[in-house]
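**Q** coordinates for the following, if possible.
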Amino acid sequence: QGPVCTNLGLKPGQRLTVKGKIAPNAKSFVMNLGKDATLLGLHFNPRFDAHGDVNTIVCNSKKVEEWGAEHRETVFPFQKGGTAEITFSVNQNDVTVHLPGHQFTFPNRLNLSVFDYFDTQGDFTLQSLSWE
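**A** Just a heads-up that it's a prediction; the model follows:
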């Protein structure tokens, strides 16, 4: 478990940029964005080799103990031992995830009007966090 941020106050039109380093022997890492630890609007999980997925980004939402349907992206711009810069843009009905050379949107299934919570877990070391 990496740092946990609360009271972020991210609203539609704002974005959060995460920079960090991926472990040389990385299996997977996670970034969660939501209201709190129990209400996750976006669970962002790049998997190098975990849970049967290889070089796949799995996204989901979580309401208390209930996960939604998994969304998979096969574009995988991450490298073990490399650095990563990921920007999450909050929109009215979804979150746009900006990756190097690729972007996709994930629906705001929980209809969160504000994203207050962010954490990182797994084989990723957070170096900087900025929002605007």
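
**Q** Ser28 is in contact with Ala50, isn't it?
**A** Yes: here Ser28 reaches Ala50: they are 3.9 Å apart, a contact under Cβ atoms under 8 Å. Heads up, the C-betas are built off the backbone N, CA and C, glycines and all.

**Q** the more surrounded of the two?
**A** Ser28 (20 against 17; other Cβ atoms under 10 Å).

**Q** quick one, strands of the chain?
**A** Under the criterion DSSP state E, the chain contains strands at 4-5, 15-22, 29-36, 39-50, 53-63, 66-67, 71-73, 83-90, 94-99, 102-107, 117-122, 124-131.

**Q** let's have those in a markdown table, adding mean pLDDT.
**A** Formatted as a markdown table, the strands of the chain follow (pLDDT from 0 to 100):
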| stretch | mean pLDDT |
| --- | --- |
| strand 4-5 | 94 |
| strand 15-22 | 98 |
| strand 29-36 | 98 |
| strand 39-50 | 98 |
| strand 53-63 | 98 |
| strand 66-67 | 96 |
| strand 71-73 | 97 |
| strand 83-90 | 97 |
| strand 94-99 | 98 |
| strand 102-107 | 98 |
| strand 117-122 | 97 |
| strand 124-131 | 95 |
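
**Q** excluding chain neighbours, what is closest to Lys80?
**A** Nearest residue to Lys80, sequence neighbours excluded (Cβ to Cβ, 6 or more residues apart in numbering): Ala26, at 4.8 Å.

**Q** quick one: pLDDT of the spatially closest residue to Leu99 that is not a sequence neighbour?
**A** Nearest residue to Leu99, sequence neighbours excluded (Cβ to Cβ, 6+ apart): Pro77, at 5.1 Å. According to the prediction, Pro77 has pLDDT 97.

**Q** Pro77 against His98, yeah?
**A** No: when contacts are counted by Cβ under 8 Å, Pro77 is not listed as touching His98 (10.6 Å).
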